[in-house]
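# Sequence and predicted structure below; questions after.
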Amino acid sequence: MKIYSLFDDIPYNQASIITVGTFDGVHIGHQNIISKMKEIAHTVDNSRTVIVTFHPHPQLIVPRKDKPPVSLLSTIDERIELIASFGIDTVIVIPFSKEFASTSSTDFIKKYIVEKIGVHTMCIGYDHGFGNNREGSEETLVSLSQEYSFSLEIIPATMIHNVPISSTRIRKAITENQLQDSLELLGYPYFVSGIVLRGDERGRKLGIPTANIKSSDPHKLYPGNGVYFVSSEIDGTLYYGMANIGTRPTFTDDTESILEVNYFGLNRDLYDKTITVWFLHFLREEKKFESVDLFLSQLYEDRAFCEELIEALQKLG
């Protein structure tokens, strides 16, 4: 997949099949748009599929009163990795600014989509809005597609349990530890990628070494506080483990939650590695224990349950 950050850098191609959006999380609804783009591309000679997306998230630059503060389902690096995994040819990551936000919907289509990239077909979701103050609508695009002679495909809402998939719905499931719901909406287990930082090494002293993992983006959404069954691929090997997200109340009076992972069968230095943690199952809420012995006893129970989950996964193949 080719990645560009400037419109002037991308080669012009009249046969481009394009979509535009934030694509946070690249969820099932987004994946259906991508599938339609690829389907159309197979019918067009010399075509390419192009996603135009934004970084930072537009709401970080131009906050919307009707939306809560931004919590990202995917950082820009995670988003690009996900998009690549679904077979898109080209991504343009627009450096989003207040100046760019002031671009009208008509100018955006004419100056960037039509003149810079080239467009055969534009695919959009059912609730798509674009341009200054999101004033560009489906009706705007219909008019512009006729004026500039490109096709327009409007993809209907993807419904699960009779409710449209949305990033807001997914964020709610993740923060409420409803991992099965988020899996159904995303199409993959939720994950956090980050660098392993040095901690206080308390876990190592207790015989349960943990990797303290922090996302590079402060707006990345973490699951709600608690204990989770997780997995990571480290140096080409799959490891399972237990993660704790929280303030570690048995040991500290901290107020900031951190992500720590104890990987089973792995006891070596992971500092400064970038690791992706996949959240597979919610085990329990974080709690304060009256003693270290009670804390360790609970961890042994948690691990025993995780081993049952691993055995079940291995039987499934």
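Great, that's in hand. Computed from a predicted structure; not experimentally measured. Residues are numbered from 1 along each chain as shown.
# residues near A84, how many?
13 (other CB atoms under 10 Å). Any C-beta I mention is one placed from the backbone N, CA and C, and that applies to glycine too.
# Over to L73?
Counted by other CB under 10 Å, the residues lying close to L73 total 24.
# Please apply the same query to M1.
Using other CB under 10 Å, M1 has 15 other residues around it.
# Also Y300?
Around Y300 there are 9 other residues, counting by other CB under 10 Å.
# show me where this structure has strands.
Under the criterion DSSP state E, the chain contains strands at 2-4, 16-20, 48-55, 90-95, 121-125, 151-155, 159-160, 163-164, 191-197, 211-214, 226-234, 237-246, 258-263, 274-284.
# Could you list the low-pLDDT ranges of the stretch 201-317 of the chain?
203, 205, 317 (pLDDT under 70).
# mind running it again at 90?
Across the stretch 201-317 of the chain, residues meeting the criterion (pLDDT under 90) sit at 201-209, 247-257, 267-269, 288, 290-292, 314-317.
# which one of the strands of the chain is the most hemmed in?
strand 16-20 (a mean of 25; mean count of other CB atoms under 10 Å).
# can you redo the strands of the chain as CSV with distance to Q314?
Shown next, in CSV, are these (distance: least, CB to CB, whole Å):
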stretch, distance to Q314
strand 2-4, 37
strand 16-20, 39
strand 48-55, 36
strand 90-95, 36
strand 121-125, 38
strand 151-155, 38
strand 159-160, 29
strand 163-164, 34
strand 191-197, 21
strand 211-214, 23
strand 226-234, 12
strand 237-246, 10
strand 258-263, 17
strand 274-284, 13
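# Relative to K214, how far out is the residue nearest the centre of the chain?
By CA atoms, centre = their mean, the chain has its centre lying nearest to S74, at 2.6 Å. Between S74 and K214 the computed distance is 16 Å (CB to CB, to the nearest Å).
# what's the answer for I28, then?
For I28, the distance to K214 equals 28 Å [CB to CB].
# Now do stretch 39-52, average pLDDT.
For stretch 39-52, the mean pLDDT works out to 98.
# what distance separates the start and the end of that stretch?
From its first residue to its last, stretch 39-52 covers 18 Å (CA to CA, to the nearest Å).
# So which residues make contact with it?
10, 13, 15-21, 23, 34, 37-38, 83, 87-92, 94, 112-113, 117, 120-121, 123, 151, 153 (CB atoms under 8 Å, 6 or more residues apart in numbering).
# and if we set it to 6 Å?
Residues outside stretch 39-52 that contact it (CB atoms under 6 Å, 6 or more residues apart in numbering): 13, 15-20, 37, 83, 88-92, 120-121.
# Of the residues you listed, just say which sits nearest to P189.
Each of these was scored against P189 by CB to CB, and I83 proved nearest at 17.6 Å.
# what's the neighbour count on the closest one?
I83 sits with 23 neighbouring residues when counted by other CB under 10 Å.
# Give the full set of residues in contact with it.
Per CB under 6 Å, 6+ apart, neighbours of I83: V26, I51, V91.
# Which residue is the nearest non-sequential neighbour of the first one?
When you say that, I think you mean V26. Leaving aside its chain neighbours, V26 sits nearest to L82 (4.0 Å; criterion: CB to CB, 6 or more residues apart in numbering).
# Same check on G199?
The shortest distance from G199 to any non-neighbouring residue, by CB to CB, 6+ apart, is to N212 (4.0 Å).
# For the one you found, list the residues it contacts.
L197, G199, E260.
# Also L266?
By CB under 6 Å, 6+ apart, L266 lies in contact with Y239.
# any idea where the helices of the stretch 101-250 of the chain begin and end?
Taking DSSP state H, counting those that start in this stretch as the test, the helices found in the stretch 101-250 of the chain are 105-107, 138-148, 167-175, 179-186, 202-205.
# Same list (these) but as JSON lines, adding mean neighbour count and distance to L299.
Listed next are the helices of the stretch 101-250 of the chain as JSON lines, based on neighbours: other CB atoms under 10 Å; distance: least, CB to CB, whole Å:
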{"stretch": "helix 105-107", "mean neighbour count": "16", "distance to L299": "55"}
{"stretch": "helix 138-148", "mean neighbour count": "15", "distance to L299": "53"}
{"stretch": "helix 167-175", "mean neighbour count": "18", "distance to L299": "24"}
{"stretch": "helix 179-186", "mean neighbour count": "20", "distance to L299": "20"}
{"stretch": "helix 202-205", "mean neighbour count": "14", "distance to L299": "10"}
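# For V227, find the nearest of those helices.
Proximity to V227 (CB to CB) singles out helix 179-186 among these, at 12.3 Å.
# which helices and strands sit right next to the closest one?
Judged by 3 or more CB pairs under 6 Å, 6 or more residues apart in numbering; DSSP states H and E, helix 179-186 is in contact with helix 167-175.
# Run through who's touching the helix it packs on.
Outside helix 167-175, the residues that touch it by CB under 6 Å, 6+ apart are D24, G25, H27, S71, L73, D181, S182, L185, Y190, L221, P223, G224.
# Could you export those residues to TSV, including columns for distance to L266?
Output for those, formatted as TSV (distance: CB to CB, whole Å):
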residue	distance to L266
D24	31
G25	28
H27	31
S71	30
L73	27
D181	30
S182	26
L185	31
Y190	22
L221	26
P223	22
G224	26
